[in-house]
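*Asks:* give me a 3D structure for the following:
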Amino acid sequence: MERRAGSGVRRYIRVLFVCGLFACAHVDEGSGGGFGRNSAEARITHLISEGRFAEAEALVSESAASGLIESSAATAFHRHIADLSMKLGEIPARLQRVPNFPARLKDFTRHDIQKMYDAENFTLATKKELQTALKLLKDVAKDHSRLLQKQ
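*Replies:* Residues are numbered from 1 along each chain as shown. Model prediction:
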């Protein structure tokens, strides 16, 4: 009885080991960078989602310099961080003159406004004001992205 339990455990460990090797090979095939690249990109994405933009910027720069992420990925991360950290008061003046511009949200970033909207937190602004602010910030980001592509 003990012998069967021992061989079953060994077989189970062998199966886990083999599956682990296939999992490692699969991850390595991904974007060509292996574990470092995937973990660096995951960490950067996590920092961005938490709104920790300064840390994310630093990690993007360090990761690009050390080759953990490609320069195109670093550029995309920098652009995404810039879009999310833009404050409503930083958009062009012509857009600030739209009807029903939510002026009380001028000091909030797109990330902050999106979090308020997603959490249905309408203590600082109405749902319509949050939607207007998000639309304006997204339009500015889209225009900025198009300008960069033309260069």
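*Asks:* find the helix or strand that the residue positioned nearest the centre of the chain is a member of.
*Replies:* Central residue of the chain (Cα atoms, centre = their mean): Thr45, 3.7 Å from the mean position. Here Thr45, judged by DSSP states H and E, is contained in helix 34-49.
*Asks:* moving C-terminal of that helix, what's the next helix or strand?
*Replies:* helix 53-66.
*Asks:* quick check: buried residues in that next one?
*Replies:* Using 16 or more other Cβ atoms under 10 Å as the test for burial, helix 53-66 gives Phe53, Ala56, Glu57, Leu59, Val60, Ser63, Ala64. Bear in mind the C-beta positions are built from the backbone N, C-alpha and C, glycine included.
*Asks:* nearest residue to the fifth one in space, please, no chain neighbours.
*Replies:* Closest residue to Val60 in three dimensions, ignoring its sequence neighbours and counting by Cβ to Cβ, 6 or more residues apart in numbering: Phe77, at 4.6 Å.
*Asks:* what number of residues lie near that neighbour?
*Replies:* By other Cβ atoms under 10 Å, the residues close to Phe77 number 23.
*Asks:* now it: which helix or strand?
*Replies:* Element membership of Phe77 [criterion: DSSP H and E] is helix 71-85.
*Asks:* picking that back up, what's the closest of the buried residues of helix 53-66 to Glu120?
*Replies:* Nearest to Glu120 among these, counting by Cβ to Cβ, is Phe53 at 24.0 Å.
*Asks:* follow-up on the earlier one: other SSEs contacting the helix holding Thr45?
*Replies:* Applying 3 or more Cβ pairs under 8 Å, 6 or more residues apart in numbering; DSSP states H and E, we find helix 34-49 packed against helix 2-29, helix 53-66, helix 71-85.
*Asks:* output the lowest mean pLDDT helix or strand found in the chain.
*Replies:* Every helix and strand of the chain was ranked by mean pLDDT, DSSP states H and E. The lowest is helix 2-29, at a mean of 43.
*Asks:* what about this structure, any weak spots by pLDDT?
*Replies:* 1-37, 145-151 (pLDDT under 70).
*Asks:* that's all I had, so thanks and see you.
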